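Peer 1: Have a look; sequence and predicted model below, questions after that.
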Amino acid sequence: MISFPESFETERLCIRAPLWGDGAVMNEAIGESLAELKPWMPFAQDMPSVEESERFTREARLDYLKRTLLHMRIYDKISGSFIGCSGLHNIDWDIRNFEIGYWIRSTCAGKGYITEAVNGITEFAIHTLNANRIEIRCSARNAKSAAVAERAGYTLDGILRSNRRGQDGELHDSKVYAKVRGTEF
């Protein structure tokens, strides 16, 4: 099993593995941001209880230790405030392929935190995990998520037409952005 750090820092952020007890601050951020998250995130269709958020956090911690999913928490380095979640999903360790997902609490949006986190996680995946391919996938209707991928220098590989059902029940196209070893890094 590959060994790597539990946390790393960017200019303004501490990005780390989930820890038991993180559920309460994550739950508070979900509550604050529910309206913005609801169109895109399955977990935000109804407000979870603090206990449900803590259960998710504990399961995410175990997934991180097992290296099956690498959920990460994003905190402001100076204040220690919880900013949002990101991480590496749909991991294929054989070919070193990873997908970055992310969400941010509403009061922190528009300050470049998620782009900074994506850039930091990308560097972590390249240099620490020896990634060959890193993807960002989002609904073609989610302009804010696509803008993060573009600001982070990801290339649009293509659009998968009507390949997923959105939270609104309709079929959505998916944008697939990527960085590939030998091309973008």
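Peer 2: Right, received. Where do you want to start? Here the structure is a predicted model, which means the values were calculated and not measured.

Peer 1: CA atoms for contacts and neighbours, from now on please.
Peer 2: Will do.

Peer 1: can you give me the strands in the chain?
Peer 2: Secondary structure of the chain by DSSP state E: the strands cover 7-9, 13-16, 70-76, 82-92, 97-104, 133-139, 155-165, 171-180.

Peer 1: Longest helix of the chain, counting residues only.
Peer 2: helix 50-66 (DSSP state H).

Peer 1: Counting neighbours, which bits of it end up buried?
Peer 2: 50, 53-65 (16 or more other C-alpha atoms under 10 Å).

Peer 1: can you list the strands of the chain in CSV and add mean neighbour count?
Peer 2: As requested, these are exported to CSV (neighbours: other C-alpha atoms under 10 Å):
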stretch, mean neighbour count
strand 7-9, 15
strand 13-16, 23
strand 70-76, 24
strand 82-92, 21
strand 97-104, 21
strand 133-139, 22
strand 155-165, 14
strand 171-180, 20
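
Peer 1: can I get those in a markdown table with mean pLDDT?
Peer 2: Converted to a markdown table, the strands of the chain look like this (pLDDT from 0 to 100):
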| stretch | mean pLDDT |
| --- | --- |
| strand 7-9 | 98 |
| strand 13-16 | 98 |
| strand 70-76 | 98 |
| strand 82-92 | 98 |
| strand 97-104 | 98 |
| strand 133-139 | 97 |
| strand 155-165 | 96 |
| strand 171-180 | 97 |
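
Peer 1: could those go into TSV alongside distance to residue 22?
Peer 2: Shown next, in TSV, are the strands of the chain (distance: least, C-alpha to C-alpha, whole Å):
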stretch	distance to residue 22
strand 7-9	15
strand 13-16	11
strand 70-76	9
strand 82-92	9
strand 97-104	15
strand 133-139	25
strand 155-165	30
strand 171-180	30
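
Peer 1: nearest to residue 126, of those strands?
Peer 2: strand 133-139 (8.5 Å; C-alpha to C-alpha).
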